[in-house]
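Enquirer: The following block contains a protein sequence and its predicted model.
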Amino acid sequence: MSNQEGVPRNGTFAERYDSVMVPVIFQPWAQQLLQRQPPQIEDRILDLACGTGAVIREVASLGNGYAKLAGVDMSAGMLAVAAEKASVNGIDAEWFEATAGDMPFPDGGFDLAYCQQALQFFPDRVGALRELHRVLAPGGRVAFCVSRGLSENPLLMAQATALEKHVGAEAGAAVRAICQLSDPEEIRSNFEAAGFLDIQLETVSLTLHHPDGRAYAAGAMGGMHTGDKLSRLSEDDRNACFNDFLKELGPCFDGKAIRFPHVSNVVTAHT
């Protein structure tokens, strides 16, 4: 069943994430990562904290010839959607349920790794990066993106403010945590401590959009890990939360569509 905004309310977290957030946010960032570390023929490619497989789908769209495509994530629900999407699109990829700090791969098993909007959530960032360094071959390349501060990301600021007001401090904090690793020097020190070389950081701002701001709010705010709390609200209270989110967007909302800057630190390095 769908609600009046056309967003599947009864879908799983992963299904909502893939249908709403991936095309608006994660696919554009996947494209940016591939531009900065282009995959090469015969590369063995890892998508770390792969979610529903947006990066692997983007790699596969460039053509065939890669020696291996693998995604790892700690969420079985995310991996189920990733596997289904890959199968439908004829993508030969393997999916592994594991944490970033303990991956089931041999030393030197990959040539290239991507990771988008996940490093900030790893409980031991240096440990996870050391584990990634282990599974990369000598000269292996990486490309990461990590959100910059909340003040630079009006969509996240609006979500945090509306959720705090209508759902509670914990829901707002879940959004604020997306921006908890915004300092480029802290990121650099993490990569250096893990043994990476030629670490390059760049501030990148993408202008992202959705043609229906209310549909995005219903899907994204209900599709995050705060969504279970949002679902307990009445229809009127949910709509009030969405209205405040759109109001907080200010000039990023034109009354129908949303168009907003999304700013991240992009990191490239090699082993």
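Expert: Looks like it came in fine.

Enquirer: what ranges do the helices span in the stretch 101-250 of the chain?
Expert: For the stretch 101-250 of the chain, the helices defined by DSSP state H, counting those that start in this stretch cover 125-135, 154-166, 169-176, 184-193, 213-223, 227-230, 235-248.

Enquirer: list the helices and strands the fourth one packs on?
Expert: With contacts defined as 3 or more Cβ pairs under 8 Å, 6 or more residues apart in numbering; DSSP states H and E, the packing partners of helix 184-193 are helix 125-135, strand 197-210, strand 258-270. Bear in mind the C-beta positions are built from the backbone N, C-alpha and C, glycine included.

Enquirer: Let me have the ones you listed in a markdown table, extended by distance to A220.
Expert: Listed next are the helices and strands packed on helix 184-193 as a markdown table, based on distance: least, Cβ to Cβ, whole Å:
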| stretch | distance to A220 |
| --- | --- |
| helix 125-135 | 25 |
| strand 197-210 | 9 |
| strand 258-270 | 10 |
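
Enquirer: now for those, which one comes closest to A173?
Expert: Nearest to A173, of all the helices and strands packed on helix 184-193, is helix 125-135, at 18.9 Å by Cβ to Cβ.

Enquirer: next one: that closest one to chain centre, how far?
Expert: 19 Å (Cα atoms, centre = their mean, to the nearest Å).

Enquirer: Quick check: phi and psi at K68.
Expert: Reported as degrees, to the nearest 10, the phi and psi values for K68 are phi -160, psi 140.

Enquirer: Grab the most central residue of this protein for me.
Expert: The residue lying closest to the centre of the chain (Cα atoms, centre = their mean) is Q117, at 4.3 Å.

Enquirer: Show the contacting residues for that residue.
Expert: Listed by Cβ atoms under 8 Å, 6 or more residues apart in numbering, the contact partners of Q117 are 25-26, 29, 145-147, 178, 264.

Enquirer: and the helices of the stretch 101-250 of the chain, which one's lowest on average pLDDT?
Expert: Here these differ in mean pLDDT, and the lowest is helix 227-230 at a mean of 67.

Enquirer: In this structure, what helix or strand scores lowest on average pLDDT?
Expert: Using mean pLDDT, DSSP states H and E, helix 227-230 stands out as the lowest-scoring helix or strand of the chain, at a mean of 67.

Enquirer: and the end-to-end length of stretch 110-128?
Expert: End-to-end distance for stretch 110-128: 15 Å, by Cα to Cα, to the nearest Å.

Enquirer: Give the burial count for the residue lying closest to F26 once chain neighbours are set aside, as a bare number.
Expert: Of all residues beyond its chain neighbours, the one nearest F26 is A54 (4.4 Å), with distances taken as Cβ to Cβ, 6 or more residues apart in numbering. A54 is flanked by 27 other residues according to other Cβ atoms under 10 Å.

Enquirer: and what of S61?
Expert: Using other Cβ under 10 Å, S61 has 13 other residues around it.

Enquirer: cool, and E152?
Expert: 17.

Enquirer: Tell me the predicted confidence for it.
Expert: 98.

Enquirer: thinking again about what came up before, turn the helices and strands packed on helix 184-193 into JSON lines, including distance to D183 and mean neighbour count.
Expert: Formatted as JSON lines, those follow (distance: least, Cβ to Cβ, whole Å; neighbours: other Cβ atoms under 10 Å):
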{"stretch": "helix 125-135", "distance to D183": "12", "mean neighbour count": "21"}
{"stretch": "strand 197-210", "distance to D183": "10", "mean neighbour count": "14"}
{"stretch": "strand 258-270", "distance to D183": "9", "mean neighbour count": "20"}
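
Enquirer: among the contacts of Q117, who's most crowded?
Expert: Going by other Cβ under 10 Å, V146 tops these with 27 neighbours.

Enquirer: Could you tell me which residues make contact with that one?
Expert: V146 makes contacts with 117, 119-120, 181-182, 187, 264-265, 267, as judged by Cβ under 8 Å, 6+ apart.
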